[in-house]
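Colleague: output the structure for:
(chains A and B, ligands or ions: 1)
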Amino acid sequence: MQSLVIVAHGSHLNPESSAPTYDHADTIRATGAFDEVRTGFWKEEPHFREVLRTVEGDEVYVVPLFISEGYFTEQVIPRELRLAGWDVSEWDSDGLSADQATLVAEDIDKEVHYCGPVGTHRAMTDVIVRRAESVTNDADVGDGFGLAVVGHGTERNENSAKAIEYHADRIAERDRFDEVKPLYMDEDPEVDDLPEHFESDDVVLVPLFIADGYHTQEDIPEDVGLCEDHTEGYDVPETVDGTRIWYAGAVGTEPLMADVVLERADDAGADLGTALDDVRETTRVATGD
Amino acid sequence: MSDPTSAEADAADDGSEDAGSEPDAPEIDLPSEAFDAVLDALADREPGEPVRFEGFSVARGADEDDEDAPVEDAPGEYVLADGDRPVGLSERELHEALSERAAAVTDWYTFERVVGEFGPRRAFLRWIEDADGDTVATRYAALAEGIERAWGELKITATVTDRGERRYDVRHADDAGVPVDDLDAYDDPLNARDLVTFDEQGRYRPLKTAPSLAGGWVFPDLGPRDLYEAVETIYPATVANWHREREGELDVTHWRETMERQAGIYGVVKTWDRGEGYEHVNWVAEACCDDSQCLKRREWQYDDETDLDVDGGDGAFPCREPCSVVVSAARKWTRLESEQPRTYEFDLTPSEKEQVEDIIDAVADGRTDEIREADTKEGANRYRARFLRAKLFDDEGNLGGVPTESAEE
Ligand code: SF4
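Modeller: Residues are numbered from 1 along each chain as shown, chains lettered A, B, ... in the order given. Predicted structure coming up:
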């Protein structure tokens, strides 16, 4: 019996935080690739500490719904899941290449496959592009458009900037958008000066966050100048200093994220049947409406 | 053990009222999937190795040497033993015999095939109908009436169909007796996620076991597995922990150990324990874990050797370690409690002092919404509080005009 456990941050204050986790779990459940799909949280329930005891299967894949490698994926989750003998060297990662480690979870005395975070997977690049398609409602968006991939800088976590650059570079290589730039919230090049960094009249701004919350709904819109105060709201697109900014909100809410969760489990050896194709198909941007 | 089953079958047959102390069990039709499951179970076993039901067992005939070609309707293909002399039966006769004992067979089918082995699910569903205590006949009679169980704020009503299938109605206990048509009805247990997100007033519920579950909904007709999923969605991991506790295997992690484990921004909570007693943890438990705040029964203590002085509550399901809400609050209290007390001087009338106490009580008990606008007898009444503020606060919001920080700082 094959089980998927999606672990995410969650929130004591914001119900939106866990919404993408539940949505992607539902998408994957619908594929039937796993006998069960469970969710566990740091700030909601079941907690990381107790989620594994709710799992029935014997082939267990744990996929962190986090953007980058760092404190949560390297320390908090392995500690709270009680992965015996965990050491970050198990992943042998340069900050982007964590794939999986198979370890005994002491809570259930069973081996689990602990996967790298979704945010650093190569398939995440497609989700960022898909997010740009969704927000512009144009499955071919690119021509005449710039794309800004935005996240925390190195200040909070060195690997967070790495993930942003990684995906920005990969998208740039595809020659689809006129310009692709990584921008940061707490260092240069700063998202506050977005129009200065782009020549295109239209720029899609995709924040590399798992869920909508303070950063994506208050911080970034205000910093970028989409609105004075987030409570006023803003249009999509909104013109700031002559640049039309298409603000996409957290990339993690894009339905195609479910694909990255599956890719992680797939890399760790899960038997997925046709689930990967199914999810790519069912989460497509509708064309022509 | 063998008597109740046959007594029940007879009672059901002639519909007589003189079944004595044995309750009236409903008549059960043996569904073909249950019969097929018995045949499959027998096929998986060696001849002579029985499938056990309450009051009897069935095995494949031990004489049947040629396993590959069991002859249809051969006498002695199966052997039924019910305390009397074992009898050999053909498949058709076995069907008849099992139909007569349909209650016991469907009970076996429910737990062995529908519910399955997974410990927490199985234990929970058996607990609901006291399957480890009562006989099939007693249970089926009780299920026919409806067995009610409480789980946190939930009311679960278990019933049985005339095919021996369990059905469950789950709703808020406050909605007991409300017709299903008057409630929002759901059938997918995952819908429960949306029912637990906000309280009656639309406020986000960070703690799923807080006694603030909103009502107005019902899962009127769940099967056993879906019941378990619904309950685990509404109160995550409560069944798993309750099960471990029943097995004597609940892994309690006490306060000290939990705080020691914290790192990052929560690492500071370690410093709150100074080896000078645990009164602060009593206060935390009283603030957060009281039954009025959380339906889990707190089993964690200060440490292995030191119990807290506060009652852990009466909840059905245990709390095995301080939760993330408590750890987050503890982080705040660690900072606040590192301050030294100092003496402030205010002049309050006796009623004003009592009013301050009333306000703290009303907020702590979550009663502010209940205090009527014109009820100025209540110290925490809004007009009373505004009057106090108008009278006692200076322009900076300082109580009694006394600054929080003294001038030298
Ligand atoms: S720590 Fe207290 S508040 Fe938290 S779940 Fe346990 S009993 Fe409830």
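Colleague: show me the shaky parts of the chain.
Modeller: In the absence of a named chain, chain A is used. A:156, A:285-289 (pLDDT under 70).
Colleague: oops, I was thinking of chain B
Modeller: Using pLDDT under 70, the flagged stretches of chain B are B:1-23, B:62-75, B:407-409.
Colleague: residues from it in reach of chain A?
Modeller: B:118, B:120-121, B:190, B:193, B:197-198, B:204, B:206-209, B:232, B:236-237, B:240-241, B:244, B:251, B:261, B:263-264, B:320-321, B:323-325, B:328 (C-beta under 8 Å from any C-beta of the partner chain). (C-beta placed from N, C-alpha, C; glycine too.)
Colleague: ok, 7 Å please
Modeller: B:118, B:190, B:193, B:197, B:204, B:206, B:208, B:232, B:236-237, B:240-241, B:263-264, B:321, B:323-325, B:328 (C-beta under 7 Å from any C-beta of the partner chain).
Colleague: would you map the strands across the stretch 101-250 of chain B?
Modeller: B:147-151, B:154-160, B:166-172, B:184-185, B:217-222 (DSSP state E, counting those that start in this stretch).
Colleague: tell me the strands beside the third one, with direction?
Modeller: In other words, strand B:166-172. Pairing partners of strand B:166-172, with direction, according to DSSP bridges: strand B:154-160 (antiparallel), strand B:217-222 (antiparallel).
Colleague: in the shortest one, which residues are buried?
Modeller: The one in question is strand B:217-222. Along strand B:217-222, these residues count as buried under the neighbour rule (16 or more other C-beta atoms under 10 Å in any protein chain shown): B:217, B:218, B:219, B:220, B:222.
Colleague: so can I have a markdown table of the residues you listed showing distance to residue A:173?
Modeller: Output for the buried residues of strand B:217-222, formatted as a markdown table (distance: C-beta to C-beta, whole Å):
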| residue | distance to residue A:173 |
| --- | --- |
| B:217 | 51 |
| B:218 | 54 |
| B:219 | 51 |
| B:220 | 55 |
| B:222 | 51 |
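Colleague: that older thread, return the subset of the residues of chain B next to chain A lying in helices.
Modeller: B:193, B:232, B:240, B:241, B:324, B:325, B:328 (DSSP state H).
Colleague: tell me the one of those residues nearest residue A:223?
Modeller: residue B:328 (26.6 Å; C-beta to C-beta).
Colleague: one step back: now tabulate the strands of the stretch 101-250 of chain B in a markdown table and tack on distance to residue B:94.
Modeller: What follows is these, written out as a markdown table (distance: least, C-beta to C-beta, whole Å):
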| stretch | distance to residue B:94 |
| --- | --- |
| strand B:147-151 | 31 |
| strand B:154-160 | 23 |
| strand B:166-172 | 24 |
| strand B:184-185 | 40 |
| strand B:217-222 | 32 |
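Colleague: can you tell which of these is closest to the ligand?
Modeller: Taking C-beta to the nearest ligand atom, strand B:147-151 is the member of these nearest to the ligand, at 15.3 Å.
Colleague: what helices or strands is that closest one leaning on?
Modeller: strand B:154-160 (3 or more C-beta pairs under 7 Å, 6 or more residues apart in numbering or on different chains; DSSP states H and E).
Colleague: the strand it packs on vs strand B:147-151, what angle?
Modeller: 150 degrees (axes from the mean of the first three to the mean of the last three C-alpha atoms, to 10 degrees).
Colleague: contact partners of strand B:154-160?
Modeller: B:26, B:128-129, B:140, B:143-144, B:146-149, B:166-173, B:176, B:227, B:231, B:234 (C-beta atoms under 7 Å, 6 or more residues apart in numbering or on different chains).
Colleague: buried stuff in that strand?
Modeller: Buried, per 16+ other C-beta under 10 Å, within strand B:154-160: B:154, B:155, B:156, B:157, B:158, B:159, B:160.
Colleague: same question, stretch A:53-73
Modeller: Quick answer for stretch A:53-73 (16+ other C-beta under 10 Å): A:53-57, A:59-73.
Colleague: confirm that residue A:148 sits in a helix.
Modeller: No - judged by DSSP: H, G, I helix; E, B strand; the rest coil, residue A:148 forms no part of a helix; its state is strand.
Colleague: how about residue B:238: what's its closest non-neighbour residue?
Modeller: residue B:317 (4.0 Å; C-beta to C-beta, 6 or more residues apart in numbering or on different chains).
Colleague: over to residue A:1?
Modeller: residue A:57 (3.9 Å).
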